[in-house]
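> Got a sequence here, can you build the structure:
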Amino acid sequence: MLSNRQLFLKYLGQTSPEPLLTEIERADGVYLYGPGGEKYLDLVSGVSVSNTGHNNKKVTDAVINQAGAYLHTMVYGEMVQSPQVRYAARLVSILPQPLDTVYFVNSGSEAVEGALKLARRYTGRSGIVSFNNAYHGSTYGALSVQGSDTYSAAFGPLLPGVSRGTFNDAESIKLITKETACVIVEPVQAEAGVILPEPGFLSLLRQRCCEKRALLIFDECQTGFGRTGTMFAAERYKITPDIMILAKALGGGMPLGAFVSSKRIMRSLMSDPPLGHITTFGGHPVCCAAGLASLEYILENDLVSQVAAKANLFRKRLRHKLIKEIRGEGLLMAVRLSDKAFVKHIVANGPKHGLITDYFLFCDDAFRIAPPLTISKAEIEEACQKLLTLLDEAAGS
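All right, here's what the predicted structure looks like:
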């Protein structure tokens, strides 16, 4: 009989020639467990998904209860389903106005597609501005606004009308013209290696979009739900976009995405033609129940207010001759090393030391720290000790 690893390689479509191949049997809190009792401290959170930790009882109870009530009933937007409407209402209650209307989909990429369609439909324009080293997903529209040719050039031709600027470059603001439907930007560039906006840059984007009547889209897939030390990065930087894209932690570990806008903008998908955007499984009731439970857990346990202190502890403990810089906002951090070969050693050998970390798509000299927001001080100390051991190994190799 083939092992699970052999089945993985034989029957699953692969994304790289060197998968990590760490087998997981169960998970709890900040730990993942293998079939032989292996224990791994998770510093990735499924790429900023598991903000409330693995196997969170509040979330799993919500999943079980909703699964016992009903699963799929009808394509999105036709029937009134309690998990959807209750979650949408709760989201709107913590989002800045006028972001008061939620459209649920299945993933971040789908949310990007919906947001781009909405912007073009509402403005009647076709131009889109995105930024170098941005990541917005792998479907065709999302790939078209991705900020690197490395992952998109092989799949052209892509969406026309896309201009690419440079994040934090004031001159790039000039790309926004009267032909621009929207500007899509991560308020913190995650896959670029956690690049923060320079003071005033997001304000310039907001101002120029208002002047040219283009819509400003914030992709908060990785920054949302407390990751940066505020519930949303828009809150931290005091900029309200016209459309906000949510995913990853939105579903509490279940697949869920959303684009959120004002009723005035969102209603443009209702007519000419009707059904301007449709989805079968978007806003699945089990996913919405999980997401709502996860959000309530974040709020009830005041996880967001604890993020800064936890991030500071990582910074305090991670001091090593190979570390050149720790960039980040809250618990979204990039540890930059003196050589990319050291990064490969950390990621590849982490599981041997009971640690899971990861690369960034557009930054090869840094590794990722993005643990569940529930991580304790003792678990941070443990993670840092493992990382320092790995760094010592890398330095001696």
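> CA atoms for contacts and neighbours, from now on please.
Noted.
> what are the ranges of the helices in the stretch 101-250 of the chain?
For the stretch 101-250 of the chain, the helices defined by DSSP state H, counting those that start in this stretch occupy 108-123, 140-144, 201-212, 233-237.
> Distance check, the residue nearest to residue 246 when sequence neighbours are not counted against residue 186.
Distances taken as Cα to Cα, 6 or more residues apart in numbering put residue 221 closest to residue 246, at 4.7 Å, once the chain neighbours are dropped. Note on residue 221: its distance to residue 186, by Cα to Cα, to the nearest Å, is 9 Å.
> check contacts around the spatially most central residue of the chain.
Taking Cα atoms, centre = their mean, the centroid of the chain lies closest to residue 222, which sits 2.4 Å from it. Counting by Cα atoms under 8 Å, 6 or more residues apart in numbering, residue 222 touches 47-49, 190, 247-249.
> what's the longest helix in this structure?
helix 377-396 (DSSP state H).
> on contacts alone, who are the packing partners of that one?
Contacts defined by 3 or more Cα pairs under 8 Å, 6 or more residues apart in numbering; DSSP states H and E place helix 377-396 against helix 303-317, helix 340-349.
> Show me which residues of it are buried.
If you call a residue buried by 16 or more other Cα atoms under 10 Å, then helix 377-396 has these buried ones: 380, 383-384, 386-388, 390-391, 394.
> ditto for stretch 33-53
For stretch 33-53, the neighbour count (16+ other Cα under 10 Å) marks 33, 38-53 as buried.
> now the end-to-end length of it.
End-to-end distance of stretch 33-53 (Cα to Cα): 14 Å.
> ok, back up a step: between the contacts of residue 222, which sits nearest residue 77?
residue 247 (18.7 Å; Cα to Cα).
> Could you report the pLDDT at the closest one?
The pLDDT attached to residue 247 in the predicted structure is 98.
> Grab the nearest non-local neighbour of it.
Nearest non-adjacent residue to residue 247, counting by Cα to Cα, 6+ apart: residue 257, 4.1 Å away.
> pLDDT score assigned to that neighbour?
At residue 257, the pLDDT value in this model is 98.
> Then residue 19?
Looking at residue 19, the pLDDT reads 86.
> And it, how far from residue 358?
With distances taken as Cα to Cα, residue 19 is found 12 Å from residue 358.
> same thing with residue 283?
As for residue 283, its distance to residue 358 is 29 Å (criterion: Cα to Cα).
> And residue 147, by the same measure?
20 Å.
> Then residue 9?
Taking Cα to Cα as the measure, residue 9 falls 20 Å from residue 358.
> More neighbours: which of these two?
Counted by other Cα atoms under 10 Å, residue 9 and residue 358 do not tie: residue 358 has more neighbours, with 23 against 12.
> pretty sure that one contacts residue 365?
No. Assessed by Cα atoms under 8 Å, residue 358 is found out of contact with residue 365, at 11.5 Å.
> what's the burial count for the residue nearest to residue 234 when sequence neighbours are not counted?
Excluding the flanking residues, the one nearest residue 234 by Cα to Cα, 6+ apart is residue 240, at 6.0 Å. By other Cα under 10 Å, the residues close to residue 240 number 21.
> Backbone dihedrals for residue 240, both of them.
Dihedral pair for residue 240: phi -100, psi 120, per degrees, to the nearest 10.
> And residue 356, by the same measure?
Per degrees, to the nearest 10, the backbone of residue 356 is at phi -120, psi 120.
> if I look at it, how far off is residue 44?
For residue 356, the distance to residue 44 equals 7 Å [Cα to Cα].
> Likewise for residue 200?
Using Cα to Cα, residue 200 is found at 30 Å from residue 44.
> before we move on, what about residue 152?
For residue 152, the distance to residue 44 - Cα to Cα - is 25 Å.
> for residue 385, same thing?
For residue 385, the distance to residue 44 equals 17 Å [Cα to Cα].
> How about residue 191?
Taking Cα to Cα as the measure, residue 191 falls 13 Å from residue 44.
> For the stretch 51-200 of the chain, just list every one of the strands.
For the stretch 51-200 of the chain, applying DSSP state E, counting those that start in this stretch gives strands covering 101-105, 127-131, 162-165, 180-185.
> Show me what the last one is packed against.
Packed against strand 180-185 by the contact rule (3+ Cα pairs under 8 Å, 6+ apart) you find helix 108-123, strand 127-131, helix 201-212, strand 215-219.
> could you redo the last one with a cut-off of 6 Å?
Applying 3 or more Cα pairs under 6 Å, 6 or more residues apart in numbering; DSSP states H and E, one finds that strand 180-185 contacts helix 108-123, strand 127-131, strand 215-219.
> can you list contacts of the last one?
The set of residues that contact strand 215-219 without belonging to it, under Cα atoms under 6 Å, 6 or more residues apart in numbering, is 182-186, 241-245.
> Please repeat the previous calculation with a cut-off of 7 Å.
Strand 215-219 is touched from outside by 119, 181-187, 206, 209, 241-246, with contacts defined as Cα atoms under 7 Å, 6 or more residues apart in numbering.
> Tell me the one among those residues nearest to residue 81.
Closest to residue 81 out of the contacts of strand 215-219 is residue 246 (20.1 Å), distances taken as Cα to Cα.
> So the closest one is in contact with residue 255, correct?
No. Counting by Cα atoms under 7 Å, residue 246 does not reach residue 255; the two are 11.4 Å apart.
> who's more crowded, the two?
A direct count of neighbours by other Cα under 10 Å for residue 246 and residue 255 places residue 246 higher, at 30 against 23.
> Spit out the contact partners of that one.
Residue 246 neighbours (Cα under 7 Å, 6+ apart): 108, 219-221, 224, 257-259.
> any chance of the residues you listed in TSV, plus distance to residue 213?
Output for the contacts of residue 246, formatted as TSV (distance: Cα to Cα, whole Å):
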residue	distance to residue 213
108	25
219	19
220	22
221	25
224	26
257	26
258	23
259	19
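> want to throw those residues into TSV with distance to residue 167 and neighbour count?
Listed next are these as TSV, based on distance: Cα to Cα, whole Å; neighbours: other Cα atoms under 10 Å:
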residue	distance to residue 167	neighbour count
108	21	28
219	14	30
220	16	26
221	18	28
224	19	25
257	25	27
258	24	28
259	22	29
